[in-house]
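# turn this into a model:
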Amino acid sequence: MKRILSIMLAATIIITAVGTVFAAENGTETENKIVFSDVNDSTPGAEAIQKLAKAGIINGYGDGTFGPNNFLTRAELTKIVNLVYGYTESAEENFWDVAESDWYYNQVLIAKKAGYIVGFEDGSFGGERPLTREEVCVVINRCVNLMSIDTGITISDEVSDWAVEAVNKMVSNFLMPLGENNTFRATENITRTELAQVVSYFVKEETPKPTPDPADKPNISGGSSGGSSSGGSSGGSSGGSSGGSSGGSSGGSSGGSSGGSSSAKPDNKEVVKNLNKVVADVNSITGLTRTEKAVLSPVIKGINKALAKADKVKITTEYIEVLCKDEIAEAKDAFYSMEEDQQESFISKIVNDVDTDTLQFLVDFFMPDADIDLSSK
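A predicted model of the protein is given here:
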């Protein structure tokens with residue numbers, strides 16, 4: 001058992017380390033792809049938009065468009081967040097400005113019960129009001145309870161006092177990266193694309209994938225698929241909505257022990273996508289104790305160190321191991337300070353809550369000889 005626990009920990013540490021959702025059901029489906037007239041493969045956030053559309057979380061407007069740059073409303077937020085995080089229970093009373101004839105009436109009841117929407121001081125909801133990026137940080141943190149990671153990063157522009165903690169958590173968990181000169185644009189309204197980017201990491205893929213052949217290790221820095229990053233809007237003291245802004249990089253093959261560098265921007269798309277997915281998965285683990293968070297906090301901190309280098313250095317397995325050696329050691333120390341029954345409980349939470357494909361990827365890539373049966377997941 002101890003060997004299995006050690007293997008699982010090592011694999012996890014190294015990289016663990018709506019029309020009216022948005023309006024009406026109006027995108028067309030072509031070859032398992034939802035088509036919006038204003039979204040194509042070169043549209044920023046297209047991958048996240050497609051992922052949410054295929055999951056039935058967003059649909060589009062009556063004219064077949066998605067409106068990627070339109071500001072997200074608080075009403076739209078409720079349906080999206082309810083679907084993404086699986087909220088279904090309803091409060092007994094609604095806000096005074098939400099009528100039974102409003103398409104979002106039931107969604108707001110659910111949001112109110114879940115607690116991520118609390119309304120304004122006058123008791124209103126404000127369904128058609130747009131959301132700010134800092135408001136979404138508050139909402140996402142209420143839903144996920146993100147871990148606090150000390151990265152030493154300082155946001156250079158204004159963030160409202162009530163949103164500072166939530167914004168810092170979103171930034172440190174790399175769910176909403178900072179822009180040029182460490183700006184966050186906290187008080188700006190969130191767009192529909194930005195929301196899609198941030199919540200897409202919390203949506204599980206429905207299509208099962210074949211079990212990889214142990215001889216074919218996944219390539220952390222290779223692949224053809226792209227990555228998107230994150231961002232957000234909504235919440236605040238009134239409870240707002242959600243959104244996201246964000247990143248993505250590019251993915252290549254593999255590199256040397258230090259990752260290598262060149263004058264051209266390194267191709268890290270796939271590794272950025274995988275690492276961002278791991279951060280979201282780790283933050284989705286429920287019921288963590290303070291001791292367990294002490295193990296995972298340095299894991300996320302290490303991942304963020306690697307992500308911060310994505311524009312400058314080719315990110316490889318060996319590079320991460322060297323770059324994050326202190327964080328790996330810190331996580332191991334925290335893990336081995338637990339009693340054996342605590343270790344078993346911790347590993348059980350990881351196996352139950354982390355995405356199967358992500359966990360399989362980690363085990364196959366870093367611990368090919370591990371005797372771990374994930375078929376029951």
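
# list the helices and strands the top helix by length along the chain packs on?
Using DSSP state H, we find that the single longest helix of the chain is helix 290-308. Helices and strands touching helix 290-308, by 3 or more Cβ pairs under 8 Å, 6 or more residues apart in numbering; DSSP states H and E, are helix 2-15, helix 164-172, helix 269-283, helix 317-323, helix 325-336, helix 340-353. Using the backbone N, CA and C atoms, a C-beta is placed for each residue, glycine as well.

# that one: which residues count as buried?
With burial defined by 16 or more other Cβ atoms under 10 Å, the residues of helix 290-308 counted as buried are 292, 294-308.

# quick one, it and helix 164-172 angle?
Put simply, helix 290-308 runs at 60 degrees to helix 164-172, going by axes from the mean of the first three to the mean of the last three Cα atoms, to 10 degrees.

# avg pLDDT for helix 290-308?
The average of the pLDDT scores along helix 290-308 is 81.

# can you count the residues close to the nearest residue to residue 130 once chain neighbours are set aside?
Counting by Cβ to Cβ, 6 or more residues apart in numbering, residue 71 is the residue found nearest to residue 130 once chain neighbours are left out, at 3.9 Å. Residue 71 has 20 neighbours, counted by other Cβ atoms under 10 Å.

# pLDDT wise, what is residue 71 at?
Listed pLDDT for residue 71 reads 95.

# what does residue 250 give?
Residue 250 is given a pLDDT of 34.

# same check, this time on residue 120
93.

# quick check: it touching residue 135?
No: look at residue 120 against residue 135 with Cβ atoms under 8 Å: they stay out of range, at 11.7 Å.

# okay, now the unreliable bits of the chain?
1-33, 205-265, 357-377 (pLDDT under 70).

# show me where it has strands.
Taking DSSP state E as the test, the strands found in the chain are 28-29, 34-35.

# and the nearest residue to residue 155 once chain neighbours are set aside, how close does it get to residue 177?
The spatially closest residue to residue 155, leaving aside those adjacent along the chain, is residue 184, at 4.9 Å (Cβ to Cβ, 6+ apart). Taken as Cβ to Cβ, to the nearest Å, the spacing of residue 184 relative to residue 177 amounts to 9 Å.

# more crowded one of those two?
Ranked by neighbour count (other Cβ under 10 Å), residue 184 and residue 177 place residue 184 first, with 24 against 20.

# next up, the contacts around the residue nearest to residue 102 when sequence neighbours are not counted.
Spatially, and ignoring its direct neighbours in sequence, residue 102 is nearest to residue 127 (6.6 Å; Cβ to Cβ, 6+ apart). Each residue near residue 127 by Cβ atoms under 8 Å, 6 or more residues apart in numbering is listed here: 73, 74, 75, 97, 98, 102, 104, 108.

# if we use 6 Å, what do you get?
74, 75, 104 (Cβ atoms under 6 Å, 6 or more residues apart in numbering).

# the first one and residue 128 touch, don't they?
No: contact criterion Cβ atoms under 6 Å: residue 74 and residue 128 do not qualify, at 7.5 Å.

# which one of the two has more residues nearby?
Neighbour count, other Cβ under 10 Å: between residue 74 and residue 128, residue 74 has more, with 28 against 12.

# distance of residue 108 from residue 87?
Residue 108 is 11 Å from residue 87, by Cβ to Cβ.

# more crowded one of these two?
residue 108 (26 against 18).

# verify the stated contact: the more buried one with residue 98.
Yes: in this structure, residue 108 is within contact of residue 98 by Cβ under 6 Å, at 5.2 Å.

# give me the common contacts of those two.
Taking Cβ under 6 Å, 6+ apart as the contact rule, residue 108 and residue 98 both touch residue 125.

# number of nearby residues for residue 64?
Residue 64 is flanked by 13 other residues according to other Cβ under 10 Å.

# next up, phi/psi of it, please.
Torsion angles at residue 64 (phi, psi; degrees, to the nearest 10) stand at phi 90, psi 10.
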